[in-house]
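# quick one: sequence and predicted model below, then my questions.
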Amino acid sequence: MEALAVILFICLASIIWCIFIYNHLVSQRNRFKNAFAQIDVQLRRRYDLIPNLIETAKAYLSHEHDTLEAVITARNHALSAVKKASRHPDSSAAVTHLAQAEATLGQALLQFHSITEAYPNLKADQTIQQLTEELTSTENKVSFARQAYNDEVMDYNTACEIFPNVLLAKALGFHHAHLFKIEETKVKQPIHIQL
Amino acid sequence: MDFFEHQEQAQRRTKQLILLFALALMLVVLAVYMAVSCGWFVATFFEPQHWHWHGFWNQERFIWVSSCTLAILLLGSWYKIYQLQQHGGASVAEALGGKRLPQASNHILHRRLLHIVEEMAIASGLPVPSIYLLEQQGINAFAAGFSPSDTVIGVTEGAINMLSRTQLQSVIGHEFSHILHGDTRINMHMLGLLHGLTLVSDIGMAFIIGIKRTTPHHKRYGSHPALWVLGFLIFLVGTIGMIAADLIKFAISRQREFLADAAAVQFTRNPQAMVEALKIIGGYTQGAAIHHPKSITLSYFFFAHAATTGASKNWWASHPPLSERIHRIDPHAFTSVTHIHTQKQKQRVTTEAQVGVHFMMSQDTLPAMSVEDVMQSIGTLSHQGLPHATHEHHQFPISIQHGIRDPYTARALCYAMLFSLSHDISKKQWAYLEQHAENSVLRELLDIQHDITSLNAHLRLSLMTRLIPTLKELSHTQYTLFTQNIAALMRADHNISMFEYALQRMLLRHVRPAFTSTPIPHVRYRHIRDVQAACACILAIFICYGHHKNNTTLFHATTKALLGTAMPWPPKPMLGMPAFNQSLTRMEHATPALKRKLLHTCMQVAVEDGRLHAHEMAALRAIADGMDCPIPASFSG
């Protein structure tokens, strides 16, 4: 009778312990999934701006058709990648794919900007200036949202790897989540603030 | 009934709930004992050499059974409440598969929802709650949370696709009335306690399934009929717990749906929209269905009957039938529902959202104010309040309007509001932020700093309230840095005013539950003498803030009225911000009646010179918010 009670007690305690770990991991996973929604919002805003920019630039850049086409293609790829990733923010493949698409788009935009340097009229266009400014601001916001997402992913990964949790994480279906890293295509410039 | 009476009633309801829970516990213990005895009896037949029948009543067996059952049940309840405390209302939303709707969302129907919720919150003086979206086609909504700070509102996709702006507003108004009446808190407690009750049936199930699995390997135990019988009986017994849980839900929740409908109509002054919303639910093929395993357990959180199985007309159903609800709102309304064409309705709603109906109002309709008016208005929402909230939104400079929903600019806005007017101090504050804050946030700060200085006290308060859900989207690391920076900005400014202090306190208090566990608010101080020092401190600081002619005399008079004895003017340390903070925290745990008394006295101080100044009213709202007593925004002075 006593033995049975002890066994029952141990079973109960270990079940409760598993539930604790499981719930903790679930809430961590929800956190980083929620954080992805922010990236999603900012990226979509950015993808909405790009066609406008290209459309306006077309008037000046009739000879640079290839570059413009490359930006649009890269943008479309990135848009479909973000749609896929927002449905499954916990899938490393989707997130990696999005990061690659983003890097390609970054390259294409860099190419576009280097071309615009040669066209003073284009640079002076009011709409282009406004759109470029908005694009830059959105890019900053993307990087901020990315930072938030990566923070949460790191917390989640740590939660999966620390000692008692690591025994259960895999078995309960919690896999390592992927950081959203984009290869930087340009040198970051320090900001000077004047009072 | 005013706000404070509603709060008191909510507390009484919580006590009733605990009493009912205790009764149900006793019932379950007795049932488990009977089941165990039956199992025991069966066992003596099969293996008489191991098991001895000691008669139906056996004290030792009873003690064992009751202590084990109680331990399991209470542990189950305790664990659930502990878990809910970790994330507050958000844990309910996430359990239902909800996703947080990012404040910066561009989708037109999402933006409409964000605006409706924000308007309601500003108009009623509550912190703006986070919104969770459920990917469900049924039309439903819920509110969950222990306190206004951790409260979230959940809305299904069906609701935002199928309801027009005014209809959705009625539904959201219904949820806000649950928040203001303290129903959401009761729901959270109920969820925790009932989890223990239904645990028994879950365990019984585990026994049966567990035995089935081990049969081939452990023949001796696996085939033991007593264990199987025990498992089955425990399951049966568990159904007693389940039924008890359902009855408790019924007793606590059903009537208040009528009350919430009535309050929503009172908030929006639009009974027609509420009737329409209910009719659309009735005529829509998906109804209010939530296809989720938890929808039955959490049925009482929802706006309308969410469970997909079982008839909604059962007398123990969590919600009264739609026709009855329609009848109570408008006795002359035609209660029969007609079929709704889904695609057409969706199209209609989208078109309406794109056209964008804005009703503006002129400044002069602000209600006249007396002390009693304001006291009565706490925890309600006037129909003028809603357009007022929209109007207020348009008073912000464009850069701020855009920045409110962006977690990136939101932080810059908070920093900017804490900048000192003195040049020396603000220089120090800049130097600190340059070192510690993110570069890009600093750049935003430069852009908006000028706009912030033009805001009056009332708009600042409103801005802080609007920033809350956006700041909840920060990551843990960003949040930690943010709070450190806020603390440093506050330290740098020695002459910070009571209002500025109250603002940042309010902000941090409401944002915190998204990152750390939520303390469950409960009443600790019941008598005025328990909070005497706290009241004196708050009053003295409030009097100082109002620049009255004779502080000491006013203080004597008001303390006499409030506390029964005239108190001497408090010493200097009692007028500092740490003392103010402690006093507000203490008042948070006072009974609603005590809060009302203090706020009433503060109001009297504010109108002492015959006029109510806007800055005093704003400060009073900030103080009231610290005690979770929302004063509607339409009383802006």
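Arrived safely, thanks for sending. Numbers count the residues shown, from 1 in each chain, chains lettered A, B, ... in the order given.
# for B:Ala492, give me its contacts.
B:Ser420, B:Ile425, B:Lys428, B:Gln429, B:Tyr432 (CB atoms under 8 Å, 6 or more residues apart in numbering or on different chains). Where C-beta positions appear, they are placed from N, C-alpha and C, glycine not excepted.
# actually B:Gln532, sorry about that
B:Leu563, B:Met567.
# measure it to chain A for me?
Going from B:Gln532 to chain A by CB to the nearest CB, to the nearest Å gives 41 Å.
# chain A contacts on chain B?
B:72, B:75, B:79, B:83, B:86-87, B:91, B:94, B:99-102, B:104-106, B:406-408, B:427, B:430, B:434, B:438-440, B:442-443, B:446, B:473-478 (CB under 8 Å from any CB of the partner chain).
# just these: which are in strands?
Among these, the members found in strands (DSSP state E) are B:Lys99, B:Arg100.
# which of the residues of chain B next to chain A are buried? Put it as a ChimeraX command.
Buried residues within those, by 16 or more other CB atoms under 10 Å in any protein chain shown, are selected in ChimeraX with:
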select /B:72,79,83,87,91,94,99,100,101,102,104,105,406,407,408,430,438,440,442,473,474,475,476,478
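# lowest-confidence entry in the contacts of B:Ala492?
Lowest pLDDT among the contacts of B:Ala492: B:Ser420, with 82.
# assumed that residue was part of a helix.
No - counting by DSSP: H, G, I helix; E, B strand; the rest coil, B:Ser420 falls outside a helix, being coil.
# burial count for it?
As a burial measure, B:Ser420 scores 18 neighbours (other CB atoms under 10 Å in any protein chain shown).
# what sits against it?
Taking CB under 8 Å, 6+ apart, one finds B:Ser426, B:Gln429, B:Ala492, B:Asp493, B:Asn495, B:Ile496 in contact with B:Ser420.
# how many other residues sit next to the closest residue to chain B within chain A?
Going by CB to the nearest CB, chain B is nearest to A:Asp151 of chain A, at 3.6 Å. A count of neighbours around A:Asp151, defined by other CB under 10 Å, yields 21.
# quick one: the closest residue in space to it that isn't next to it in sequence from B:Gln103, how far?
Take A:Asp151 and drop its neighbours on the chain: the residue closest to it by CB to CB, 6 or more residues apart in numbering or on different chains is B:Ser475, 3.6 Å away. Remark: distance between B:Ser475 and B:Gln103 (CB to CB, to the nearest Å) = 15 Å.
# what parts of chain A come near chain B?
Counting by CB under 8 Å from any CB, chain A sits next to chain B at A:12, A:16, A:19, A:23, A:26-27, A:30, A:33-35, A:37-38, A:40-42, A:44-45, A:48, A:140-141, A:143-145, A:147-149, A:151-152, A:155, A:190-191, A:193, A:195.
# and for residue 175, the neighbour number?
Looking at chain A here, since you left the chain open. Based on other CB under 10 Å, the number of other residues close to A:His175 is 13.
# wait, chain B was what I had in mind.
For B:Glu175, the neighbour count with other CB under 10 Å is 27.
# mind listing what's buried in the helix or strand of chain A with the lowest mean pLDDT?
Using mean pLDDT, DSSP states H and E, the weakest-scoring helix or strand in chain A turns out to be helix A:120-124, at a mean of 80. Buried residues in helix A:120-124, defined by neighbour count with 16+ other CB under 10 Å: A:Leu122.
# can you name the element that comes right after it?
On the C-terminal side of helix A:120-124, the nearest following helix or strand under DSSP states H and E is helix A:126-161.
# tell me what the helix or strand following that next one is packed against?
Toward the C-terminus, helix A:126-161 is succeeded by helix A:163-169 as the next helix or strand (DSSP H and E). Helix A:163-169 makes packing contacts with helix A:2-58, helix A:126-161 when contacts are defined by 3 or more CB pairs under 8 Å, 6 or more residues apart in numbering or on different chains; DSSP states H and E.
# and the angle from the last one to helix A:2-58?
Right, helix A:126-161. Interaxial angle, helix A:126-161 versus helix A:2-58 (axes from the mean of the first three to the mean of the last three CA atoms, to 10 degrees): 170 degrees.
# helix A:126-161 packs against which elements?
helix A:2-58, helix A:163-169, helix B:407-417, helix B:439-453, helix B:476-492.
# relative to B:Ser201, which of those is closest?
Closest to B:Ser201 of the helices and strands packed on helix A:126-161, according to CB to CB: helix A:2-58, at 15.8 Å.
# tell me the pLDDT of residue 102.
Let's take chain A. 88.
# chain B is the one I meant
B:Pro102 is assigned 89 on the pLDDT scale.
# residue contacts, it?
With CB under 8 Å, 6+ apart, B:Pro102 has these contacts: A:Ala37, A:Gln38, A:Asp40, A:Val41, B:Glu473.
# quick check: the last one touching A:Tyr149?
Okay, so that is B:Glu473. No - when contacts are counted by CB atoms under 8 Å, B:Glu473 is not listed as touching A:Tyr149 (10.7 Å).
# pull up the overlap in contacts between the two.
A:Ala35, A:Gln38.
# surely B:His305 is within a strand?
No - counting by three-state DSSP, B:His305 falls outside a strand, being coil.
# got phi/psi on it?
Backbone torsions of B:His305, given as degrees, to the nearest 10, read phi -60, psi 110.
# from chain A, how far out is it?
Noted for B:His305: a distance of 27 Å to chain A, by CB to the nearest CB.
# hmm, back to that, mind putting the contacts of B:Pro102 into TSV with distance to B:Thr465?
Shown next, in TSV, are the contacts of B:Pro102 (distance: CB to CB, whole Å):
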residue	distance to B:Thr465
A:Ala37	22
A:Gln38	21
A:Asp40	26
A:Val41	22
B:Glu473	16
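# ok, so of those residues, who is nearest B:Glu5?
B:Glu473 (35.9 Å).
# which residue is the nearest non-sequential neighbour of the closest one?
B:Glu473 sits nearest to B:Pro407 (CB to CB, 6+ apart), 4.7 Å away.
# surely that neighbour and A:Ile39 touch.
No - B:Pro407 lies out of contact with A:Ile39 (CB under 8 Å); the separation is 11.5 Å.
# who's in contact with residue 158?
You didn't pick a chain, so chain A it is. Applying CB under 8 Å, 6+ apart, no residues qualify as near A:Thr158.
# meant chain B, my bad for not saying
If you count contacts by CB under 8 Å, 6+ apart, B:Gly158 has them with B:Gln136, B:Gln137, B:Gly138, B:Ile139, B:Asn140, B:Tyr284, B:Gln286.
# kindly recompute the last result at 7 Å.
The neighbourhood of B:Gly158, defined by CB atoms under 7 Å, 6 or more residues apart in numbering or on different chains, consists of B:Gln136, B:Gln137, B:Gly138, B:Ile139, B:Gln286.
# element containing it?
Counting by DSSP H and E, B:Gly158 is part of helix B:157-162.
# mind checking how far the helix or strand that that helix is followed by is from the chain centre?
Scanning forward in sequence from helix B:157-162 by DSSP H and E, the next helix or strand is helix B:165-180. For helix B:165-180, the separation from the chain centroid amounts to 13 Å (computed by CA atoms, centre = their mean, to the nearest Å).
# try stretch B:279-292
25 Å.
# then stretch B:271-285?
Centre to centre, stretch against its chain (CA atoms, centre = their mean), the figure for stretch B:271-285 is 25 Å.
# I'd like the average pLDDT over it.
Mean predicted confidence for stretch B:271-285 is 89.
# just the buried positions in that stretch, please.
So stretch B:271-285, judged by 16+ other CB under 10 Å, has buried residues B:271, B:273-284.
# about what we covered before: phi, psi of the residue nearest to A:Asp151?
phi -80, psi 170.
# would you agree B:Met417 is in contact with B:Arg460?
Yes - the pair B:Met417 / B:Arg460 is scored as a contact, 6.1 Å apart, by CB atoms under 7 Å.
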